[in-house]
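K.L.:
Can you look at this prediction? I've put the sequence above it.
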Amino acid sequence: MEASKVYFTNLRTTPSSNLLDKMERLVKRAGITNIDFKDQFVAIKIHFGEPGNLAYIRPNYAARMANILRSLGARPFLTDCNTLYSGRRSNAVDHLQSAMENGFNPISANCNVIIADGVKGTDCREIEINGKYCKAPKIGAAIVDADIVLSMNHFKGHEQSGFGGALKNLGMGCASVAGKLELHGTSQPKIETDNCKGCNICVKHCAHDAIHLNDNHKAVIDYDKCVGCGQCVALCQYEAAVLASWDTSERLNYKIAEYTKAVLLDKPNFHISFIMNVSPECDCWNHNDAAIVPDLGIAASFDPVALDKACADMVTNAPVLGGNKLSEAHPHQHLVGEDKFHMIHPDTNWQAGLEHAEKLGIGTQNYELITV
Ligand code: SF4
Ligand code: SF4
């Protein structure tokens with residue numbers, strides 16, 4: 001397969017060219033204006049950051065991106081889907097509040113925010129791709145309704161997938177709550193009986209008549225009837241209906257690739273990654289541990305696979321400086337050339353996801369890096 005172009009700019013600035021100017025130059029050089037944005041709804045998929053975590057992408061970049069898109073005739077909106085786990089982004093009301101607090105409001109981000117899978121994460125569509133692991137990924141409705149998808153990705157470590165970049169932001173981040181259950185789980189959900197309040201919501205909404213309350217007013221799942229649709233997990237507000245087990249990193253990354261295919265299916269798309277604040281874990285935590293490498297730059301491409309590979313290679317080839325998880329574990333070593341994500345999360349395998357994405361035709365790991 002022919003090499004995909006990945007455009008890159010470092011973080012050096014001058015009084016006449018700040019980082020926002022550099023990002024704009026980067027995406028224009030990468031060819032974003034070749035997309036016909038006129039009157040198109042553009043979903044800018046971004047992670048608003050769990051409150052307390054400060055490693056997420058600054059809203060200033062989103063504001064400039066929204067301005068560029070509007071100047072090209074687009075109707076952009078910032079979006080993300082709700083989380084599967086508890087926290088302050090597990091329903092649209094808390095999620096919107098968190099986004100506003102972190103600066104994704106009409107003043108700082110100059111763009112409206114839509115939580116793509118609705119109030120309780122149930123607003124999704126199934127996109128048939130007939131994947132090996134996921135036949136019909138469940139994608140947040142607002143993202144499905146968008147005409148164009150643009151991902152803004154914070155590149156950092158991730159405890160289950162190895163790293164989080166474009167594929168993770170798209171494949172996992174655009175999945176509705178039921179979709180995230182499919183991505184993470186190998187089987188049906190379970191009930192944490194101690195947490196169950198007997199509110200009956202899961203019973204009322206289970207379309208397969210697979211849950212009832214027992215004599216102690218606790219939910220019980222009939223596994224002969226349960227099809228693993230995840231509605232009860234999406235609707236339970238007490239962390240009682242939860243994921244039963246976690247998948248392996250390989251299978252998780254295969255599924256993320258298949259979900260990415262569903263998100264991008266038949267839509268023009270473009271991707272920007274920020275290799276800054278490369279924290280060892282993802283932005284879903286309410287804190288961000290010290291970055292494992294120095295801030296490197298911003299990269300952009302039409303190919304999310306090539307973009308992820310280029311970013312991973314840059315982190316591999318960057319030195320580990322002091323004061324972080326890796327430098328503490330490996331004192332006096334700069335670890336240039338080492339796969340740092342695998343060192344931090346030995347059970348993960350990010351290469352598996354990129355290889356599967358290649359097989360699915362999403363892009364190629366073969367890239368040409370062009371410095372802007
Ligand atoms: S929705 Fe949650 S808390 Fe309510 S009955 Fe079901 S499992 Fe229990
Ligand atoms: S996963 Fe779906 S089918 Fe199974 S108990 Fe929950 S709502 Fe019912």
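P.N.:
Done, it's in. Ligands and ions are numbered 1, 2, ... in the order given.
K.L.:
Who are the contact partners of the nearest residue to residue 156 once chain neighbours are set aside?
P.N.:
Counting by C-beta to C-beta, 6 or more residues apart in numbering, residue 156 lies nearest to residue 279, which is 4.7 Å off, once chain neighbours are set aside. To be clear about C-beta, it is placed using only N, CA and C from the backbone, and glycine gets the same treatment. For residue 279, the contacting residues are 55, 156, 157, 288, 289, 290, 291, 292, by C-beta atoms under 8 Å, 6 or more residues apart in numbering.
K.L.:
Would you double-check that residue 77 falls in a strand?
P.N.:
Yes. Under DSSP: H, G, I helix; E, B strand; the rest coil, residue 77 falls within a strand.
K.L.:
Distance of it relative to ligand 1?
P.N.:
Note on residue 77: its distance to ligand 1, by C-beta to the nearest ligand atom, to the nearest Å, is 31 Å.
K.L.:
ok so, going back, could you measure from the residue nearest to residue 156 over to residue 20?
P.N.:
Residue 279 sits 22 Å away from residue 20 when distances are taken as C-beta to C-beta, to the nearest Å.
K.L.:
ok, back up a step: only whichever of the contacts of residue 279 are buried, select them in PyMOL.
P.N.:
Buried residues within the contacts of residue 279, by 16 or more other C-beta atoms under 10 Å, are selected in PyMOL with:
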select buried, resi 55+156+157+288+290+291+292
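K.L.:
Make JSON lines out of the contacts of residue 279 and add secondary structure.
P.N.:
Putting the contacts of residue 279 into JSON lines (three-state DSSP) gives the following:
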{"residue": "55", "secondary structure": "coil"}
{"residue": "156", "secondary structure": "strand"}
{"residue": "157", "secondary structure": "strand"}
{"residue": "288", "secondary structure": "coil"}
{"residue": "289", "secondary structure": "coil"}
{"residue": "290", "secondary structure": "coil"}
{"residue": "291", "secondary structure": "coil"}
{"residue": "292", "secondary structure": "coil"}
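K.L.:
for residue 182, what are its contacts?
P.N.:
The contact partners of residue 182, by C-beta under 8 Å, 6+ apart, come to 134, 137, 138, 175, 228, 230, 255.
K.L.:
That one is in what secondary structure piece?
P.N.:
Using DSSP states H and E, residue 182 maps to helix 177-184.
K.L.:
One more: residue 342?
P.N.:
For residue 342, the element it lies in under DSSP H and E is helix 340-344.
K.L.:
Beyond that helix, next helix or strand please.
P.N.:
helix 350-359.
K.L.:
Can you tell me the SS state at the spatially closest residue to residue 28 that is not a sequence neighbour?
P.N.:
Leaving aside its sequence neighbours, residue 28 sits nearest to residue 68 (C-beta to C-beta, 6+ apart; 7.8 Å). Assigned with three-state DSSP, residue 68 falls in the helix class.
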